[in-house]
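**Student:** From the sequence below, what's the structure:
(chains A and B)
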Amino acid sequence: EDQVTQSPEALRLQEGESSSLNCSYTVSGLRGLFWYRQDPGKGPEFLFTLYSAGEEKEKERLKATLTKKESFLHITAPKPEDSATYLCAVQVYGTSYGKLTFGQGTILTVHP
Amino acid sequence: NAGVTQTPKFQVLKTGQSMTLQCAQDMNHEYMSWYRQDPGMGLRLIHYSVGAGITDQGEVPNGYNVSRSTTEDFPLRLLSAAPSQTSVYFCASSLGRGGDSGNTIYFGEGSWLTVV
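**Tutor:** You can find the predicted model right below:
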C-alpha cells in the first residue's frame, strides 16, 4: 500500500527563520511527487512536481528536493504570507494519471 | 480561464437526501477526479475518470456515484446522504500525460457539505 507521511504536523516560524518540511513516502514505483499549498477555505494550489531522485525545483522562497525515500520543502527567509498548509502527494506508476495519494499536510505559521 | 469550477460552495443536507456536486473544467483535460478532505485524514480519492464515458473507483467510493458524459463535466452524486459524508469535497483535473505540462493536477475551490 502506498503511504505518505508528512512532518511536522505544525510548524511555527518567525519571519526570516528558514526551515524545512518533510515528506516521506513508501510506494511501489514513483511516477511523481507533488507539492501543493492550501490556504484556509481554498483548494490546493499546485507548487511543484518532482520526478527523480536528486531533482530540485525552486519558486520564490520555496525549494523542493527529492530523494528515493523522501522530499523536503525548504522555506528560505519566510514571510507571514507563506503561512498555509503544505500538502505532499505521490503518483505511482501503473495507476491513473488522475490518482494522487496525499499526506496529512504540515500547517505552517509565520509570525511577523 | 476559469480552470476547475465547483458548485455549490456550501450545502446542508438532511440524512437520506440526495444531491449532486457539480464540477466543470475548461482546460480540455481528459482526467478528472473527486477527493474528500477530512481533519486528520488528508485528501482521499473518491472516484476518477480518464475520459468521457470512463470512470473508476478510488479509495473511498461507497455512497457516491459518478458519470462522465462530456469532457468538461464530472458530477458527484450522493444517493442517500449520511452524517459520515460531512466533508469538504474537491474536484481536480489534468491532461493526464507525462512531464510538467501534461501532469499538473489542478484543483477546484471546494464544496463544503454538512449532513445533519
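**Student:** could you list every residue that touches residue B:71?
**Tutor:** B:28-30, B:51-52 (C-beta atoms under 8 Å, 6 or more residues apart in numbering or on different chains). C-beta coordinates here come from the backbone N, C-alpha and C atoms, glycine included.
**Student:** Please identify the buried residues of stretch B:49-61?
**Tutor:** B:49-50, B:52, B:55, B:58, B:60-61 (16 or more other C-beta atoms under 10 Å in any protein chain shown).
**Student:** Now that stretch: average pLDDT?
**Tutor:** Stretch B:49-61 shows a mean pLDDT of 94.
**Student:** burial count for the residue nearest to residue A:69 when sequence neighbours are not counted?
**Tutor:** Closest residue to residue A:69 in three dimensions, ignoring its sequence neighbours and counting by C-beta to C-beta, 6 or more residues apart in numbering or on different chains: residue A:24, at 6.3 Å. Applying other C-beta atoms under 10 Å in any protein chain shown, we find 15 other residues in the vicinity of residue A:24.
**Student:** My guess is residue A:24 contacts residue A:67. True?
**Tutor:** No - counting by C-beta atoms under 8 Å, residue A:24 does not reach residue A:67; the two are 9.7 Å apart.
**Student:** picking up where we left off before, which of the contacts of residue B:71 fall within helices?
**Tutor:** The helices, defined by DSSP state H, take in nothing from these.
**Student:** Show me what the residue nearest in space to the middle of chain B is bridged to.
**Tutor:** Centroid-nearest residue in chain B: residue B:34, 2.6 Å away (criterion: C-alpha atoms, centre = their mean). Judged by DSSP bridges, the bridge partners of residue B:34 are residue B:47, residue B:91.
**Student:** dump the residue contacts of it.
**Tutor:** Contacts of residue B:34 (C-beta under 8 Å, 6+ apart): B:21, B:23, B:45-48, B:58, B:64, B:66, B:74, B:76, B:89-92.
**Student:** hmm, who's touching the worst-scoring helix or strand of chain B on mean pLDDT?
**Tutor:** Using mean pLDDT, DSSP states H and E, helix B:99-103 stands out as the lowest-scoring helix or strand of chain B, at a mean of 75. Residues from elsewhere that reach helix B:99-103 (C-beta under 8 Å, 6+ apart): A:32, A:49, A:91, A:97, B:94-97.
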